[in-house]
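Student: show me how the following folds:
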Amino acid sequence: MGYTVSQVAEKTGLSAHTLRFYDKQGLLPFVGRNEAGNRDFKESDLEWLAVIACLKNSGMPVKKIREYIDWGMEGDTTLNERLAVFETHKKFVAEKMAELEEYMKKIDYKIWYYKTAIEFGSTEIHSQNNCVWSEEE
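Tutor: Numbering: from 1, shown residues only. Below you'll find the model as predicted:
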């Protein structure tokens, strides 16, 4: 016995709307249909969904995910292509993480800036101490 869209949504945390979107985008060719024509998810389909969600949430475009899924459906003849997808995506994610680290440094600085200004009662303390970033940033 398989799972319905609502059961899969509950098990995975993906909304039914997201699952239907994935299906319309061609990301769920592995999902069968029952006699009534409704999607009938198997346990192994949940593993595919976890990978799709990982790739989507980490910034991979739907078109590229669909290409990966298509290669997966083709079987072992596409192992090299699928590996390349993950190697390329790992580099992309690493670059995004480095970018976010830079944003975090700026955010940490601004937290310090405002805490210090609050303690002093004014942002004037920073202009007196020649801060690296100006208030306008």
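Student: give the buried residues for stretch 59-77.
Tutor: By neighbour count on 16 or more other C-beta atoms under 10 Å, the buried set for stretch 59-77 is 60, 65-69, 71-72. Every residue, glycine included, has its C-beta placed from N, CA and C.
Student: so which of those residues belong to helices?
Tutor: Judged by DSSP state H, the buried residues of stretch 59-77 include 65-69, 71-72 as members of helices.
Student: against which helices or strands is the longest helix seen in the chain packed?
Tutor: Counting residues, the longest helix in the chain under DSSP H turns out to be helix 79-120. Applying 3 or more C-beta pairs under 8 Å, 6 or more residues apart in numbering; DSSP states H and E, we find helix 79-120 packed against helix 62-74, helix 124-128.
Student: looking at the ones in helices among the buried residues of stretch 59-77, which one is closest to A117?
Tutor: Distance to A117 across those (C-beta to C-beta) is lowest for I65, with 45.6 Å.
Student: extract the C-alpha trace of stretch 96-107 and format it as CSV.
Tutor: The C-alpha coordinates for stretch 96-107 follow below in CSV (Å, rounded to 0.1, in the frame of the first residue of the first chain):
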residue,chain,number,x,y,z
LYS,A,96,26.9,30.6,-1.0
MET,A,97,28.0,29.6,2.5
ALA,A,98,31.1,31.8,2.2
GLU,A,99,28.9,34.7,1.0
LEU,A,100,26.6,34.1,4.0
GLU,A,101,29.6,34.1,6.3
GLU,A,102,30.5,37.6,5.1
TYR,A,103,26.9,38.7,5.7
MET,A,104,27.0,37.3,9.2
LYS,A,105,30.2,39.3,9.9
LYS,A,106,28.4,42.5,8.9
ILE,A,107,25.3,41.5,11.0
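Student: shaky segments in this structure?
Tutor: The model of the chain has pLDDT under 70 over residues 1, 129-137.
Student: circling back: let's have the helices and strands packed on helix 79-120 in JSON lines, adding distance to L83.
Tutor: Converted to JSON lines, those look like this (distance: least, C-beta to C-beta, whole Å):
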{"stretch": "helix 62-74", "distance to L83": "10"}
{"stretch": "helix 124-128", "distance to L83": "50"}
